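**Q** got a sequence here, can you build the structure:
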Amino acid sequence: METIQKSLFRFTDFIISKSEFYRNPFEREQNTYNINIIPSGIIFENDKKFQLNLEVVVTEENDRFKAVVVIIGFFEFFDIPESQLTNYFYTNAPAILFPYVRAYVASLTALSGMETVNLPPINMSAPEFREQLIQNISKQ
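**A** All right, here's what the predicted structure looks like:
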């Protein structure tokens, strides 16, 4: 019988630490959304944990809609060479966490009585995003 091996990088949990939502029902529909993602993170080297913070700001033209969601994802890592950790921290972790924001915004807006806002998938491995996250990482 085979033994199941634990993943070397693992998503353990997430929380929504901030959620703001504004919608003006009297403006005509635009459905052109601007999405700004501000990433940051903390590497807890001794505990082998990583915390990823994504502040996601979604706005619609004419200020008809605005949502601000801050999600914090918690990850564990085991025996990964430091040269490989960067891919996990800067590419895999955001790609794992962002779908939770998409689902949260869709659920929140679906329950608002107006049209559902479905955020598109976003390429979290884009060089600009990766560089911004690298600059906003601290170690403890």
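
**Q** return the helix or strand in this structure with minimum mean pLDDT.
**A** The helix or strand of the chain with the lowest confidence, counting by mean pLDDT, DSSP states H and E, is helix 82-87 at a mean of 83.

**Q** with just CA atoms, put that one into CSV.
**A** C-alpha atoms of helix 82-87 as CSV (Å, rounded to 0.1, in the frame of the first residue of the first chain):
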residue,chain,number,x,y,z
GLU,A,82,15.2,28.6,-1.2
SER,A,83,15.8,28.9,-4.9
GLN,A,84,12.5,27.2,-5.5
LEU,A,85,10.5,29.0,-2.8
THR,A,86,10.2,32.1,-4.8
ASN,A,87,8.0,30.4,-7.4
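
**Q** contacts for that helix, please.
**A** Helix 82-87 is contacted by residues F77 when judged by CB atoms under 8 Å, 6 or more residues apart in numbering. Backbone N, C-alpha and C define where each C-beta goes, glycine included.

**Q** for it, list every residue counted as buried.
**A** Judged by neighbour count using 16 or more other CB atoms under 10 Å, helix 82-87 contains no buried positions.

**Q** ok, longest helix in the protein?
**A** Counting by DSSP state H, the longest helix found in the chain is helix 93-110.

**Q** give me the helices and strands touching that helix, please.
**A** Applying 3 or more CB pairs under 8 Å, 6 or more residues apart in numbering; DSSP states H and E, we find helix 93-110 packed against strand 9-23, strand 33-44, strand 49-60, strand 65-77.
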